[in-house]
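Student: Let's see this in three dimensions:
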Amino acid sequence: MRKDVSERSKEVKAKIRKRIRAKISGSAERPRVHVFKSNKYVYAQAIDDEKGVVLATACSLEKAFQEQTKNFKNTEACGRLGAMLAGRLQEKNIRSIVFDRGTYPYHGRVKTIAEALRKGGLAF
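Tutor: The predicted model follows:
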């Protein structure tokens, strides 16, 4: 019996996610920054995996972000999102992170967020 295409793609993404998460983990000193892209918005959050706590978040749904940006998904908006998250992490005296791209390739918007985090003073 042939599997549905969406079912197969979910399995592939789950394998990719599992493979990446086996290699990286966040701590209080060096949290994991995870990126998620929906059809409309982009989300990024810093996670302490040892305690299971989210330390800081930034998403394109926030009013402060939407007042600055017209389009919420393009690379320019993702650069602002990365800078916003970098500022929030700097306020909490976090200087080093682990970047988790999720199931997305390190290209385009994901790469723009990572570069903005680096420009914001975070090392990874």
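Student: and the closest residue to residue 28 other than its chain neighbours, how many residues sit next to it?
Tutor: Spatial nearest neighbour of residue 28, excluding adjacent residues (Cβ to Cβ, 6 or more residues apart in numbering): residue 48 at 5.0 Å. The way it works is simple: take the backbone N, C-alpha and C, and place the C-beta from them, glycine included. Residues contacting residue 48 under the criterion other Cβ atoms under 10 Å number 18.
Student: Okay, and the beta partners of residue 48?
Tutor: Beta bridges link residue 48 to residue 53, judged by DSSP bridges.
Student: just how off-centre is the top helix by length along the chain within its chain?
Tutor: Longest among the helix segments of the chain by residue count, using DSSP state H, is helix 5-23. Averaging C-alpha positions (Cα atoms, centre = their mean, to the nearest Å) puts helix 5-23 17 Å from its chain's average.
Student: hmm, back to that, contacts only, for the residue nearest to residue 28.
Tutor: Neighbouring residues of residue 48 by Cβ atoms under 8 Å, 6 or more residues apart in numbering: 26, 27, 28, 31, 54, 55.
Student: Can you say which of these are buried?
Tutor: 26, 31, 55 (16 or more other Cβ atoms under 10 Å).
Student: isn't the second one right next to residue 46, touching?
Tutor: Just to be clear, that refers to residue 31. Yes: assessed by Cβ atoms under 8 Å, residue 31 is found in contact with residue 46 at 4.2 Å.
Student: Spit out the residues that contact those two alike.
Tutor: Common neighbours of residue 31 and residue 46 (Cβ under 8 Å, 6+ apart) are 55, 56, 89, 94, 97.
Student: So which of these belong to helices?
Tutor: Per DSSP H, the shared contacts of residue 31 and residue 46 map to helices at residue 89.
Student: Throw the shared contacts of residue 31 and residue 46 into a markdown table and include distance to residue 105 and pLDDT, thanks.
Tutor: Converted to a markdown table, those look like this (distance: Cβ to Cβ, whole Å; pLDDT from 0 to 100):
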| residue | distance to residue 105 | pLDDT |
| --- | --- | --- |
| 55 | 26 | 96 |
| 56 | 24 | 97 |
| 89 | 24 | 97 |
| 94 | 26 | 95 |
| 97 | 19 | 97 |
